[in-house]
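Enquirer: Structure for this input, please:
(chains A and B)
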Amino acid sequence: MPDIQELKDLTTQVRRDILRMVHKVNSGHPGGSLGCAEFFVSLYQEIMETKDGFDMNGKGEDLFFLSNGHISPVYYSVLARSGFFPIEELNTFRLINSRLQGHPTTHEGLPGIRIASGSLGQGMSVAIGAAETKKLNNDDHIIYSLHGDGELQEGQNWEAIMYASGNNIDNLISTIDVNGQQIDGSTKTVLPLGDLSAKFEAFGWSVVTIENGNDIESILKGMTKAKSLTGNNKPVCVLLQTVMGNGVDFMMHTHAWHGKAPNDEQLAEGLSQNPETLGDY
Amino acid sequence: MKTYTNTGNKDTRSGFGAGLTELGKSNENVVALCADLTGSLKMDDFKANHPERFFQIGIAEANMIGIAAGMTIGGKIPFTGTFANFSTGRVYDQIRQSVAYSGKNVKICASHAGVTLGEDGATHQILEDIGLMKMLPGMTVINTCDYNQTKAATLAIAEHEGPVYLRFGRPKVANFTPENGEFKIGKAVKLTEGTDVTIVATGHLVWEALEAAISLNENGISAEVINIHTIKPLDEKAILDSVSKTKCIVTAEEHNYLGGLGESVARVLSTKQPTPQEFVATQDTFGESGTPAQLMDKYGLNAAAVENAVKTVMKRK
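Expert: Numbers count the residues shown, from 1 in each chain, chains lettered A, B, ... in the order given. Okay, here's the model as predicted:
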């Protein structure tokens, strides 16, 4: 059994990292990052089977692809705190000559990253390709991917969704961060996504909904269910219902903090709501 | 002057298909992806011989490029196949982010490039693809001239680590380069020795340049014809060595003069050795329906056009 308190403590520290990273450079995307902190911690600490060290080919281990690359702060924090690179490097986020680019990239050789993302809608296709190669290599590990809900407005996703079920890509678990927000407002007002569960099911996917996507135990339970559905001739979709800005009260339930950094006072307030647990970088 | 024999007209896309068939046997990491144009791309043999390594993506080119990028993770060498238009302009951002910026070992193989696609018209004839692809950092850009060279290039790019754009065409054209010849990426091939003018050509224009050289020779003009199959990286030395002797140059390509081979050559010359240059290329226009020969003639992409350009450029020496 995982130690839930340990995972919660790590999540709190990840939230501090996110706030401090975007505050330092006065840019970046805290809202979606905070909303997915519990998910990333659960994925890298409990759900995925990964080998020590990093190599691009990732044979014999589970792989993760982030499609909505703008939530790089949470990705970098969790990668660093999972041992992929030194946590001190979080200090270089978005600075010149850094491996921690605004959006994740393989270009600078940052361990843990296998594809550039940021221009939306491309990650599911990449994840499917990696899943096809796993099958060719007789490697029974799982491909995980994460996508924003607003990102599903990009048509390439639906090409990929159709392909995955049509070709029995059953070693793929694609999670949608359903926070209902995007840059210009709620997804309902910008372009309604409709019933995502019905849509994925209609396209031939298995669907798991995690109603409290900011609760670690719910995430572990839902992702374990999702894993149990792999190897069943169908791709698996997880609808992860999250609150954007989770853990920092004034950033929650709004799109306002999608791509805005906190000022000094807001940072202090956000950090006070998330006391240091494992030590700041 | 040295002359070349056409061993029988063949389409360059069939050279690609033959190369892919051979790779199927020789390299188990090669996988092929196609967006509903298997017959047009001559990928049927590969599909029949290696069904487990052939991926029918459907009419979804963006997804195809992304899947290809992902397949490299774990060691596969994906060859994607569709028309040049749908291989580049339609999926530029997917190539840019998931392939080029991510440094993935994907081979984008594009048939039906240029006006010689013929009757389907401008919606399917791309004349901008070389420009689009050469602007991407790290992308190798190859435009082959005949069946044999396309087959050789297909084999060569499998051995090259990194993204490649391989451009070829639909019509049956002269096949004159050596069978099973060596293909060195980035190495120009001097076809004739000459002293009065340099003609650097790529793709279908290489044979036209050779025909022009014969006619020019009969009129006492000695043309040095160079086949530039690799537009990026460009064999700058071959071009500079030649113009240092001839003092003028004609570039010839089935592509818009904006963004094509000619502009790449002009950049080299203007910075290293300013030299009068004429462009045989389309003049910032779309194509249209017609037979390949009619279109080559109307858009000034044949031996006659090369010959005229030579006469013009020689007056500017």
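Enquirer: List the residues that contact residue 275.
Expert: Let's take chain A. Taking C-beta atoms under 8 Å, 6 or more residues apart in numbering or on different chains as the criterion, residue A:275 is in contact with residue A:12. C-beta here means a position set from N, CA and C on the backbone, and glycine is covered the same way.
Enquirer: wrong one, I was asking about chain B
Expert: Contact analysis of residue B:275 by C-beta under 8 Å, 6+ apart lists B:243, B:247, B:248, B:249, B:269.
Enquirer: State the pLDDT value of it.
Expert: With respect to pLDDT, residue B:275 scores 98.
Enquirer: I'd assumed it was in a strand, is it?
Expert: No - in this structure, residue B:275 is coil, not part of a strand, as judged by DSSP: H, G, I helix; E, B strand; the rest coil.
Enquirer: Up against chain A, what does the stretch 1-150 of chain B have?
Expert: Residues of the stretch 1-150 of chain B that fall close to chain A, judged by C-beta under 8 Å from any C-beta of the partner chain: B:31, B:52-53, B:55, B:57-58, B:60, B:62-76, B:78, B:93-94, B:96-98, B:101-104.
Enquirer: run the last query once more with 6 Å
Expert: Within the stretch 1-150 of chain B, the residues that sit near chain A (C-beta under 6 Å from any C-beta of the partner chain) are B:60, B:62-63, B:66-67, B:69-71, B:73-76, B:93-94, B:97-98, B:101-103.
Enquirer: now those residues: which count as buried?
Expert: Buried members of these, counted by 16 or more other C-beta atoms under 10 Å in any protein chain shown: B:60, B:62-63, B:66-67, B:69-71, B:73-74, B:76, B:94, B:97-98, B:101-103.
Enquirer: sorry, back to before: closest to chain A out of the contacts of residue B:275?
Expert: Nearest to chain A, judged by C-beta to the nearest C-beta, of those is residue B:269 at 31.6 Å.
Enquirer: Next, residue B:280: secondary structure please.
Expert: strand.
Enquirer: Leaving out chain neighbours, which residue sits closest to it?
Expert: Closest residue to residue B:280 apart from its sequence neighbours, by C-beta to C-beta, 6 or more residues apart in numbering or on different chains: residue B:252 at 3.9 Å.
Enquirer: In strands, which of the buried ones among the residues of the stretch 1-150 of chain B next to chain A fall?
Expert: Within those, no residue falls in strands by DSSP state E.
Enquirer: Which residues of the stretch 1-150 of chain A lie near chain B?
Expert: Contact residues (C-beta under 6 Å from any C-beta) of the stretch 1-150 of chain A with chain B: A:57, A:106-107, A:114-116, A:119, A:122, A:125-126, A:128-130, A:132-133, A:137.
Enquirer: Kindly give a single ChimeraX line that selects the buried subset of the residues you listed.
Expert: In ChimeraX, this line selects whichever of the residues of the stretch 1-150 of chain A next to chain B come out buried by 16+ other C-beta under 10 Å:
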select /A:57,106,107,114,115,116,119,122,125,126,128,129,130,132,133
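Enquirer: quick check, nearest of the residues of the stretch 1-150 of chain A next to chain B to residue A:245?
Expert: residue A:119 (23.8 Å; C-beta to C-beta).
Enquirer: so the closest one sits in a helix?
Expert: No - applying three-state DSSP, one finds residue A:119 to be coil, outside a helix.
Enquirer: Tell me if I'm right that it and residue B:96 touch.
Expert: No - if you go by C-beta atoms under 6 Å, residue A:119 and residue B:96 don't touch, sitting 7.7 Å apart.
Enquirer: burial of the residue in the stretch 151-281 of chain A that chain B sits nearest to, as a residue count?
Expert: Closest residue of the stretch 151-281 of chain A to chain B, C-beta to the nearest C-beta: residue A:159 (3.7 Å). For residue A:159, the neighbour count with other C-beta atoms under 10 Å in any protein chain shown is 25.
Enquirer: What ranges does the stretch 151-300 of chain B have for its helices?
Expert: Ranges of helices in the stretch 151-300 of chain B, per DSSP state H, counting those that start in this stretch, are B:205-218, B:236-246, B:261-272, B:292-298.
Enquirer: which helices and strands sit right next to the helix or strand harbouring the residue of the stretch 151-281 of chain A closest to chain B?
Expert: Assigning secondary structure by DSSP states H and E places residue A:159 in helix A:156-166. When contacts are defined as 3 or more C-beta pairs under 6 Å, 6 or more residues apart in numbering or on different chains; DSSP states H and E, helix A:156-166 sits against helix A:123-136, helix B:61-71.
Enquirer: one step back: out of the contacts of residue B:275, which two sit at the greatest distance?
Expert: So for the contacts of residue B:275, where distance means C-beta to C-beta, the most widely separated pair is B:247 and B:269, at 11.1 Å.
Enquirer: so residue B:68 touches residue B:78, yeah?
Expert: Yes - look at residue B:68 against residue B:78 with C-beta under 6 Å: they come within range, at 3.9 Å.
Enquirer: Between these two, tell me which one has more neighbours.
Expert: More neighbours surround residue B:68 than the other of residue B:68 and residue B:78, with 33 against 29 (other C-beta under 10 Å).
Enquirer: which residues in the stretch 1-150 of chain A form strands?
Expert: Using DSSP state E, counting those that start in this stretch, the strands of the stretch 1-150 of chain A run over A:63-66, A:143-148.
Enquirer: Name the residues that touch the first one?
Expert: The contact list for strand A:63-66, computed with C-beta atoms under 6 Å, 6 or more residues apart in numbering or on different chains, reads A:75, A:115, A:117, A:123, A:126, A:127, A:130, A:143, A:144, A:145, A:146.
Enquirer: hmm, try it at 7 Å
Expert: Residues outside strand A:63-66 that contact it (C-beta atoms under 7 Å, 6 or more residues apart in numbering or on different chains): A:43, A:48, A:75, A:104, A:114-115, A:117, A:123, A:126-127, A:130, A:143-146, B:73.
Enquirer: then it to PDB, C-alphas only?
Expert: The C-alpha trace of strand A:63-66 is given here as PDB (Å, rounded to 0.1, in the frame of the first residue of the first chain):
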ATOM      1  CA  LEU A  63       6.300   5.800 -20.900                       C
ATOM      2  CA  PHE A  64       4.400   9.100 -20.500                       C
ATOM      3  CA  PHE A  65       3.700  11.800 -23.000                       C
ATOM      4  CA  LEU A  66       2.400  15.200 -22.100                       C
END
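Enquirer: Quickly run through the sheet partners of it, with directions.
Expert: Paired with strand A:63-66 in the same sheet, following DSSP bridges, are strand A:143-148 (parallel).
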